[in-house]
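Colleague: Just a sequence and a predicted model for now, questions to come.
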Amino acid sequence: MGRKGLYHDWLQGDNLLRLEGWARDGLTDAQIAENMGINVSTLYDWKNKYTEFADVLKRTKDVVDREVENALYKAACEGNITAQIFWLKNRKPYFWRDKRETEIAGNGKLELTWEDSRKEEEK
């Protein structure tokens, strides 16, 4: 394993594979730092100082996130009700979230127009 404190050792050979694997498996930065034998603040410093180090983690996490997004989309389109609910609550929260926030106008009537809901959706 790479020597503690040398970020570039983590960008080579087996260490690079470990780093990519941990990111791919969904470990948090804190968990990755622990596996590397460094403090999480050191990991953050390395990500800020060394673009190539940050890119390895970002690239690997992005690929896996896309795979999960595609799987969720496919499951929703194939009729998986849970996936459909999750998708709609996150993609169109104004229309699909469980709790809605509404305002009562000064006249005591609820006034919500289609235009109002479109503005909320765009936020």
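Modeller: That came through, no problem. Residues are numbered from 1 along each chain as shown.
Colleague: Show me the shaky parts of the chain.
Modeller: For the chain, applying pLDDT under 70 flags the ranges 1-5, 100-123.
Colleague: State which helix of it is the longest.
Modeller: Ordering each helix of the chain by length in residues (DSSP state H) puts helix 51-77 first.
Colleague: Which elements pack onto that one?
Modeller: helix 13-24, helix 40-49, helix 81-91 (3 or more Cβ pairs under 8 Å, 6 or more residues apart in numbering; DSSP states H and E). Using the backbone N, CA and C atoms, a C-beta is placed for each residue, glycine as well.
Colleague: between it and helix 40-49, what angle do the directions make?
Modeller: 100 degrees (axes from the mean of the first three to the mean of the last three Cα atoms, to 10 degrees).
Colleague: Output the helices and strands packed on helix 51-77 as TSV; include the columns distance to Asn70 and mean neighbour count.
Modeller: As requested, the helices and strands packed on helix 51-77 are exported to TSV (distance: least, Cβ to Cβ, whole Å; neighbours: other Cβ atoms under 10 Å):
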stretch	distance to Asn70	mean neighbour count
helix 13-24	15	15
helix 40-49	26	15
helix 81-91	12	13
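Colleague: Including distance to Arg97, could the ones you listed go into CSV?
Modeller: Below are the helices and strands packed on helix 51-77 laid out as CSV (distance: least, Cβ to Cβ, whole Å):
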stretch, distance to Arg97
helix 13-24, 31
helix 40-49, 33
helix 81-91, 6
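Colleague: Quick one, which of the ones you listed gets closest to Asp62.
Modeller: When the helices and strands packed on helix 51-77 are compared by Cβ to Cβ, helix 13-24 sits nearest Asp62, at 9.4 Å.
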